[in-house]
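> got a structure for you, letters missing:
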């Protein structure tokens, strides 16, 4: 079955960096677009970044543009989220997700049909 396992979260100070990883299994990883979302306590889950199956299309939320970088290694079935210049407002649980095949949008949760369990990122001021 499809499995997505995130790792790399932690407690850091404002201005620090973290690199999240999401290892996929149970499907042909190189055929699917992947996304990162986050959810802070009391808030709705929101889009963070996404990458197409071959990496030629990349999308970011305005709030992370210029600070976060999404990438993938299809040989290792892994998608990454490099987070630099972290801010307290980046504190959230971060989830990776696999897109439905054939959907055009990357920004909406409804375009994804499999989710990881999440990894917690806490940024102190």
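Looks like it arrived, so ask away. Owing to the predicted nature of the structure, the values given are computational and were not obtained by experimental measurement.

> doesn't residue 90 make contact with residue 16?
No - if you go by CB atoms under 8 Å, residue 16 and residue 90 don't touch, sitting 10.3 Å apart. Any C-beta I mention is one placed from the backbone N, CA and C, and that applies to glycine too.

> Mutual contacts of the two, please.
The contact sets of residue 16 and residue 90 overlap at residue 123 (CB atoms under 8 Å, 6 or more residues apart in numbering).

> between these two, which one's more packed in?
residue 90 (22 against 14; other CB atoms under 10 Å).

> ok, for the more buried one, nearest residue in space, not its chain neighbours?
residue 123 (5.2 Å; CB to CB, 6 or more residues apart in numbering).

> Can you verify the one you found is assigned to a strand?
Yes - under DSSP: H, G, I helix; E, B strand; the rest coil, residue 123 sits within a strand.

> show me where pLDDT drops low in this structure?
In the prediction, the chain carries no residues with pLDDT under 70.

> in it, which spans are strands?
Ranges of strands within the chain are 3-7, 10-13, 18-25, 34-39, 46-51, 58-60, 68-73, 78-83, 92-99, 112-115, 119-124, based on DSSP state E.

> In the fourth one, which residues are buried?
In other words, strand 34-39. 34, 35, 36, 37, 38 (16 or more other CB atoms under 10 Å).

> Mind giving me the packing neighbours of that strand?
Under the contact criterion of 3 or more CB pairs under 8 Å, 6 or more residues apart in numbering; DSSP states H and E, strand 34-39 touches strand 18-25, strand 46-51, strand 78-83, strand 92-99.

> could you redo those strands as TSV and give each row mean neighbour count and distance to residue 112?
Output for the helices and strands packed on strand 34-39, formatted as TSV (neighbours: other CB atoms under 10 Å; distance: least, CB to CB, whole Å):
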stretch	mean neighbour count	distance to residue 112
strand 18-25	19	12
strand 46-51	22	9
strand 78-83	23	12
strand 92-99	23	4
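
> Indicate which one of those is closest to residue 108.
strand 46-51 (7.4 Å; CB to CB).

> Thanks a lot, see you next time.
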